[in-house]
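In: let's see this in three dimensions:
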Amino acid sequence: MWNGVVLAESDDLVQVEGNYYFPSDSLNKSYFQSSDTHTTCPWKGLASYFTLQVAGKQNKDAAWYYPSPKEAAREITGRVAFWKGVEIVDA
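Out: Predicted coordinates for the structure are as follows:
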């Protein structure tokens, strides 16, 4: 949840390094905008980001995913994680 809305909902979560990764198809995509931001993790690979847009408020790069994760992180393929004030409820 962020800014009073449910961004994603699923019982199928994968936890890696303390972050919960949600299946992409569980996202309420109307709140997600692609970002130009990218970072690299030595063992997961290249990350891409989404900016959240909810009720006129923006949370830049608050969600991330690995479009083609390295073999060591294959369990997060097709999944999205959150930070920057996004609350994971009942994880």
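
In: residue at max distance from the center of this structure?
Out: Centroid-distance maximum for the chain: residue 56 at 20.0 Å, with CA atoms, centre = their mean.

In: local confidence estimate at it?
Out: We note a pLDDT of 95 for residue 56 in this prediction.

In: contacting residues around residue 40?
Out: Going by CB atoms under 8 Å, 6 or more residues apart in numbering, residue 40 touches 46, 47. Bear in mind the C-beta positions are built from the backbone N, C-alpha and C, glycine included.

In: distance check, it against residue 46.
Out: The spacing between residue 40 and residue 46, counted by CB to CB, to the nearest Å, is 5 Å.

In: about what we covered before: measure the residue farthest from the centre of the chain to residue 3 for me?
Out: To residue 3, residue 56 is 9 Å away according to CB to CB.

In: now residue 86
Out: To residue 3, residue 86 is 9 Å away according to CB to CB.

In: distance between the ends of stretch 41-49?
Out: End-to-end distance for stretch 41-49: 13 Å, by CA to CA, to the nearest Å.

In: contacts for it next, please.
Out: With CB under 8 Å, 6+ apart as the test, stretch 41-49 has contacts from 16, 34-35, 37-40, 61-70, 72-73, 76.

In: centre of the chain to that stretch, how far?
Out: 12 Å (CA atoms, centre = their mean, to the nearest Å).

In: and the gap between the residue nearest to residue 5 when sequence neighbours are not counted and residue 33?
Out: Nearest non-adjacent residue to residue 5, counting by CB to CB, 6 or more residues apart in numbering: residue 54, 5.3 Å away. Distance, residue 54 to residue 33, using CB to CB: 11 Å.
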